[in-house]
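**Student:** prediction below, plus the sequence it came from.
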Amino acid sequence: MEDITGFEFQIVQNLPTAGEKGIIYLVSHSHGVEDIYDEYIWVTDRFEKIGSTDIDLSNYLQTSDIADWAKAATKPSYTAAEVGALPNDTAIPTKVSDLTDDSCHYTKPGGGIPKTDLAADVRTSLAKADTAIQDLTEVETAISGLTTRLNTLADSDDSTLDQLSEIVAYIKNNKSLIDGITTGKVSVSDIVDNLTSTASNKPLSAKQGKVLKDLIDSIVIPTNVSAFTNDAGYLTQHQDISGKANTADLAKVATSGSYTDLANKPSIPTVPTKVSAFTNDASYTNKQYVDNAITAALADVVGIEYHVCTTEEYDAQTYLPTLAGEAGVIYLVPKPASLIGSAAVGTDTVSGNNIYYEFIYNGRSFEMIGDTQVSLDGYLEDSDVSTDAQV
């Protein structure tokens, strides 16, 4: 890396056949939110992985999953009887021979492995070898007997024995014995002296039987995990898993990130865009109603006068006049001091020329004829609602 003065990054779908110095190649993966690439650099003639230190903690518990008493500095004390444990003076076996063999484990006898303990196909091969040996013994005995008889025949007195006739007669008289020697017996050349033959009609030699026994005796059954090759990536030492959650304990939406997997989704209402869409539960009036009320109130009016209400003549909460109303009179109710000189209401500023609420009496109730604006404070406008929430 002596010629490299800086690094640049390059996102690739797959690693190229060859790389260049000074470039960190980023290959996308899905291991986590803050670790979405594996990082590689080109070293001489191959790529070297320098990134991704993922640890799969999907099946480990988080601290929040562990009971408080288990995390306390001082743990509760229990007797062996309370937790179902063995007493302190219980003798713990230290040898296999101290245990009760309830699973039929094999114990190698001192004098070697009996035939009954061998696999069925091994026993079959050994039986064929034993049979062949017994047959050979019988053949040797028969040949020895035949030789003795033939020698006896050959030593007979020539004057009283026609040797050829005696031999022919002997062969005829002992045909079954000779047939037994020459047929139905295993030839020495048919005995298999290896463990690679696939022949099913030939016996195995005693030598190969000994080879099989030696192979069985040499089998070592591992008793420690350390004797196995760790080809599955099991952890060999403790790793901190505090603060991690088991995937099985999480809701589906936590791993999918899909809105459709979210439980108890809120019902998003349609946002009104017109005042007419609201239910008029506060007795707000519209222009038509006001015009009709004014027309009705002025029907019998031949002149207009006004009356400024005192604090005893109107309601301090609703500002409606409380005195008896008359036709042809405009009742002026002072606006609250907090509004005087404040922001504009409608087209007029609440100031010296707009300091009263105006009411007329329509024969049944008082009707406001000034400041008929409708306050929509606290309501949402279209611009306040996200595009995803608009339906």
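**Tutor:** Here it is on my side, so go on. Numbers count the residues shown, from 1 in each chain.
**Student:** and S197, how far from K207?
**Tutor:** Relative to K207, S197 is positioned 13 Å away (criterion: C-beta to C-beta, to the nearest Å). No exception for glycine: its C-beta is placed from N, CA and C like everyone else's.
**Student:** with R149 instead?
**Tutor:** Computed with C-beta to C-beta, the distance linking R149 and K207 is 34 Å.
**Student:** kindly report the same for K71.
**Tutor:** Distance, K71 to K207, by C-beta to C-beta: 68 Å.
**Student:** now swap in D190 and tell me
**Tutor:** Using C-beta to C-beta, D190 is found at 15 Å from K207.
**Student:** before we move on, what about D281?
**Tutor:** When C-beta to C-beta is the yardstick, D281 and K207 sit 108 Å from each other.
**Student:** also S226?
**Tutor:** When distance is defined by C-beta to C-beta, S226 is 37 Å away from K207.
**Student:** check what pLDDT the residue nearest to the spatial centre of the chain gets.
**Tutor:** With distances taken as C-alpha atoms, centre = their mean, T247 lies nearest the centre of the chain, 6.0 Å away. The predicted structure scores T247 at 78 on the pLDDT scale.
**Student:** surely it meets L61?
**Tutor:** No - in this structure T247 lies outside contact range of L61 using C-beta atoms under 8 Å: 11.4 Å.
**Student:** that older thread, out of S226 and K207, which sits in the more crowded spot?
**Tutor:** The residue with the greater number of neighbours, taking S226 and K207 and applying other C-beta atoms under 10 Å, is K207; the counts read 11 against 8.
**Student:** other SSEs contacting the longest helix along the chain?
**Tutor:** When the chain is parsed with DSSP state H, its longest helix is helix 120-154. For helix 120-154, the helices and strands in contact under the criterion 3 or more C-beta pairs under 8 Å, 6 or more residues apart in numbering; DSSP states H and E are helix 163-173, helix 175-182, helix 206-217.
**Student:** now the strands for the stretch 251-391 of the chain?
**Tutor:** For the stretch 251-391 of the chain, the strands defined by DSSP state E, counting those that start in this stretch cover 305-308, 329-334, 344-345, 348-349, 356-361, 366-368.
**Student:** now stretch 323-342: buried residues?
**Tutor:** Of the residues in stretch 323-342, 325, 329-335 count as buried by neighbour count, 16 or more other C-beta atoms under 10 Å.
**Student:** stretch 222-236 too?
**Tutor:** Taking 16+ other C-beta under 10 Å as the neighbour-count basis, stretch 222-236 is seen to contain no buried residue.
**Student:** convert the C-alpha atoms of it to PDB, please.
**Tutor:** These are the backbone C-alpha positions of stretch 222-236, laid out as PDB (Å, rounded to 0.1, in the frame of the first residue of the first chain):
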ATOM      1  CA  PRO A 222     -14.800 -39.100  20.700                       C
ATOM      2  CA  THR A 223     -15.800 -38.300  24.300                       C
ATOM      3  CA  ASN A 224     -15.000 -34.600  24.300                       C
ATOM      4  CA  VAL A 225     -16.500 -31.800  22.100                       C
ATOM      5  CA  SER A 226     -12.900 -30.500  21.500                       C
ATOM      6  CA  ALA A 227     -12.200 -33.700  19.600                       C
ATOM      7  CA  PHE A 228     -14.600 -32.600  16.800                       C
ATOM      8  CA  THR A 229     -13.800 -30.200  14.000                       C
ATOM      9  CA  ASN A 230     -15.800 -27.000  14.400                       C
ATOM     10  CA  ASP A 231     -17.200 -26.800  10.900                       C
ATOM     11  CA  ALA A 232     -20.400 -25.000  11.800                       C
ATOM     12  CA  GLY A 233     -19.000 -21.900  13.400                       C
ATOM     13  CA  TYR A 234     -20.100 -22.600  17.000                       C
ATOM     14  CA  LEU A 235     -18.900 -20.100  19.600                       C
ATOM     15  CA  THR A 236     -15.800 -21.200  21.600                       C
END
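**Student:** can you tell me what sits against it?
**Tutor:** Here stretch 222-236 makes contact (C-beta atoms under 8 Å, 6 or more residues apart in numbering) with no residue beyond itself.
**Student:** now it: mean pLDDT?
**Tutor:** When pLDDT is averaged along stretch 222-236, the result is 78.
**Student:** how far does it sit from the chain's center?
**Tutor:** Centre-to-centre, stretch 222-236 and its host chain are 24 Å apart (C-alpha atoms, centre = their mean, to the nearest Å).
**Student:** could you do stretch 12-25 as well?
**Tutor:** Its chain's C-alpha centre lies 32 Å from the corresponding centre of stretch 12-25 when counted by C-alpha atoms, centre = their mean.
**Student:** the chain should start at 25 in everything you say after this.
**Tutor:** Renumbered: residue one is now 25, and that last one reads stretch 36-49.
**Student:** flag every buried residue along that stretch.
**Tutor:** For stretch 36-49, a neighbour-count test (16+ other C-beta under 10 Å) marks 43, 47-49 as buried.
**Student:** try stretch 148-165
**Tutor:** Going by neighbour count (16+ other C-beta under 10 Å), the buried part of stretch 148-165 is 149-150, 152-153, 156, 163.
**Student:** ok, the residues you listed vs A287, which is closest?
**Tutor:** Nearest to A287 among the buried residues of stretch 148-165 is S149, at 66.3 Å by C-beta to C-beta.
**Student:** chain neighbours aside, what residue packs nearest to that closest one?
**Tutor:** Nearest in space to S149, with sequence neighbours left out and distances taken as C-beta to C-beta, 6 or more residues apart in numbering, is L228 at 4.4 Å.
**Student:** so the one you found touches A151, yeah?
**Tutor:** No - no contact is recorded between L228 and A151 when judged using C-beta under 8 Å, the distance being 9.5 Å.
**Student:** so for stretch 65-79, mean pLDDT?
**Tutor:** 75.
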